[in-house]
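with the sequence up front, the predicted model follows.
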2 protein chains.
Amino acid sequence: MSFQSCFPIWDKLSDVQRNRILDGLVCHQIGRGTVIHSGSMDCTGLLLVKSGQLRAYILSDEGREITVYRLLDRDVCLFSASCMLRSIQFDITIEAEKDTSLWVIPAELYRSIMEESAPAANYTNEVMAARFSEVMWLVEQIMWKSMDQRVAGFLLEESAIEGSRQLKLTHDSIARHLGTHREVVTRMLRYLQSEGMVRLSRGAVELLDEKRLSALSSP
Amino acid sequence: MSFQSCFPIWDKLSDVQRNRILDGLVCHQIGRGTVIHSGSMDCTGLLLVKSGQLRAYILSDEGREITVYRLLDRDVCLFSASCMLRSIQFDITIEAEKDTSLWVIPAELYRSIMEESAPAANYTNEVMAARFSEVMWLVEQIMWKSMDQRVAGFLLEESAIEGSRQLKLTHDSIARHLGTHREVVTRMLRYLQSEGMVRLSRGAVELLDEKRLSALSSP
């Protein structure tokens, strides 16, 4: 899988722009658990995931977390290049959830191409609009859904990402994804187990009834 | 105040682009309380507020609301032209909170200019990044702050917008801004009154101690 085939606007760039990108492009291998961007301090550049999985989350002053979105194969991470956009005024942390291989277009290089290329700027727009939609979805989840609905939805999402009904997840990690406390997650999971929708074991959750989980998460 | 002086990228457009915008530009007067955009159905265009005040909010299936951001003089509303961006997949409602005068660049016209003009596309990026920052701020408020902190913060924000310590606000309207129930707001306001931070009267809240309200809202 080449960078050219993964970068959607490759065909719309000039030869000069393409060469500048290829000259500046860096490929990184990131180990699971590594934080690759934190806060608004560093400005690595535009990341394109070749393979693996990244998680973007925000942190409270007290160290609580909530997952804002995930990035999978071929997804682009914009906020690791937040210095490109003056109007971005929030801190987001990006961490590898799995061993990840990614391409980096350095921020200054991407900014200069975006400045002269309408296709690059419009592509950035589409990426940001997609992330915006995910954050608005999150706001709706937090505001209008109860925690049992959110836990059910999260388990289904994880199962779709992993392609498995057997999920290696601790109660604590689920709590960090959803921005709540471990005790709350434990209570919700026990309720789902008592209803026969999941089976719990040490460090794992098995989905038994996706249909009812789905009905619970989106009534 | 002319459109040209309010539209930040006017100087970066070609004569042809400027003429196309001036030919398509519409000026509207909107009465207080009017909903000018709703859901993802209509696609009016890019709105530029000449004077007045708009509120963008989301609605739950049960009719609950939460304010996502406000638009004041010279602010630009992008999501009233959401059809321009394929990746926008959420519904937002925009309502005039005051009598408002605004310019509309029809969506199809703005889209075609954005497609060919890097400055227009980058400007759209900055507008979206600014709104994105406001939504991330909202997520942090909802997730990490208690309701008394959020009510205190909302009152200070209103006071800054109105330039007054005397605010015409019902408990119900505060609840709709914050996405909670009227009873919760009433309890919080009574607490703030008992602490001497506000004085309540029918349909109004007077701020008595901004310093302590501020300390409460951002500890």
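Everything's here; your move. Numbering: from 1, shown residues only, chains lettered A, B, ... in the order given.

please name the nearest non-neighbouring residue to the closest residue to chain B within chain A.
Distances between chain A and chain B by Cβ to the nearest Cβ are smallest at residue A:121, namely 3.4 Å. No exception for glycine: its C-beta is placed from N, CA and C like everyone else's. Using Cβ to Cβ, 6 or more residues apart in numbering or on different chains and skipping residues adjacent in sequence, the residue nearest residue A:121 is residue B:121, 3.4 Å away.

following the helix or strand harbouring that neighbour, which helix or strand shows up next?
Secondary structure assignment for residue B:121, by DSSP states H and E: helix B:118-144. Using DSSP H and E, the helix or strand that follows helix B:118-144 in sequence is helix B:147-162.

and that next one, what does it pack against?
On a contact count with 3 or more Cβ pairs under 8 Å, 6 or more residues apart in numbering or on different chains; DSSP states H and E, helix B:147-162 meets strand B:166-167, helix B:171-178, helix B:182-194, strand B:204-207, helix B:210-217.

let's go with 10 Å and repeat that
Applying 3 or more Cβ pairs under 10 Å, 6 or more residues apart in numbering or on different chains; DSSP states H and E, we find helix B:147-162 packed against strand B:65-71, helix B:118-144, strand B:166-167, helix B:171-178, helix B:182-194, strand B:198-201, strand B:204-207, helix B:210-217.

would you turn the ones you listed into CSV with mean pLDDT and mean neighbour count?
Below are the helices and strands packed on helix B:147-162 laid out as CSV (pLDDT from 0 to 100; neighbours: other Cβ atoms under 10 Å in any protein chain shown):
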stretch, mean pLDDT, mean neighbour count
strand B:65-71, 94, 20
helix B:118-144, 94, 20
strand B:166-167, 97, 15
helix B:171-178, 95, 20
helix B:182-194, 96, 16
strand B:198-201, 96, 15
strand B:204-207, 97, 18
helix B:210-217, 96, 15
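
pipe the ones you listed into TSV and attach distance to residue A:76 per row.
Below are these laid out as TSV (distance: least, Cβ to Cβ, whole Å):
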stretch	distance to residue A:76
strand B:65-71	24
helix B:118-144	14
strand B:166-167	43
helix B:171-178	34
helix B:182-194	40
strand B:198-201	46
strand B:204-207	45
helix B:210-217	36
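
for chain A, which residue is closest to the average position?
The residue lying closest to the centre of chain A (Cα atoms, centre = their mean) is residue A:70, at 1.7 Å.

list the residues that contact that one.
Residues counted as contacts of residue A:70 (Cβ atoms under 10 Å, 6 or more residues apart in numbering or on different chains) are A:53-57, A:97, A:134, A:157-158, A:161, A:177.

could you do residue A:58 as well?
By Cβ under 10 Å, 6+ apart, the neighbours of residue A:58 are A:64-68, A:90-93, A:179, B:136, B:139-140, B:143-144.

which one of these sits closest to residue A:109?
Checking those against residue A:109 by Cβ to Cβ gives residue A:92 as the nearest, at 21.3 Å.

you'd agree the closest one is up against residue A:38?
Yes: counting by Cβ atoms under 10 Å, residue A:92 touches residue A:38, with 8.5 Å between them.

those two: which is more packed in?
Neighbour tally, residue A:92 and residue A:38, criterion other Cβ atoms under 10 Å in any protein chain shown: the higher count belongs to residue A:92, 21 against 14.

next one: phi and psi at the more buried one?
Note on residue A:92: its backbone torsions stand at phi -130, psi 150 [degrees, to the nearest 10].

tell me the pLDDT of it.
At residue A:92, the model reports a pLDDT of 90.

next up, the contacts around it.
A:37-40, A:56-59, A:68-69, A:77, A:79-80, A:82, A:131, B:136 are the contacts of residue A:92 under Cβ under 10 Å, 6+ apart.

could you find the closest non-adjacent residue to residue A:17?
residue A:113 (5.5 Å).

over to the one you found: give its phi and psi.
The phi/psi pair for residue A:113 (degrees, to the nearest 10) reads phi -70, psi -40.

how far away is it from residue B:124?
Using Cβ to Cβ, to the nearest Å, one gets 17 Å for the distance from residue A:113 to residue B:124.

please apply the same query to residue A:57.
For residue A:57, the distance to residue B:124 (Cβ to Cβ) stands at 27 Å.

same deal with residue A:86?
14 Å.

same check on residue A:55?
According to Cβ to Cβ, residue A:55 and residue B:124 sit 28 Å apart.

same check on residue A:100?
From residue A:100 across to residue B:124, the span is 30 Å (Cβ to Cβ).
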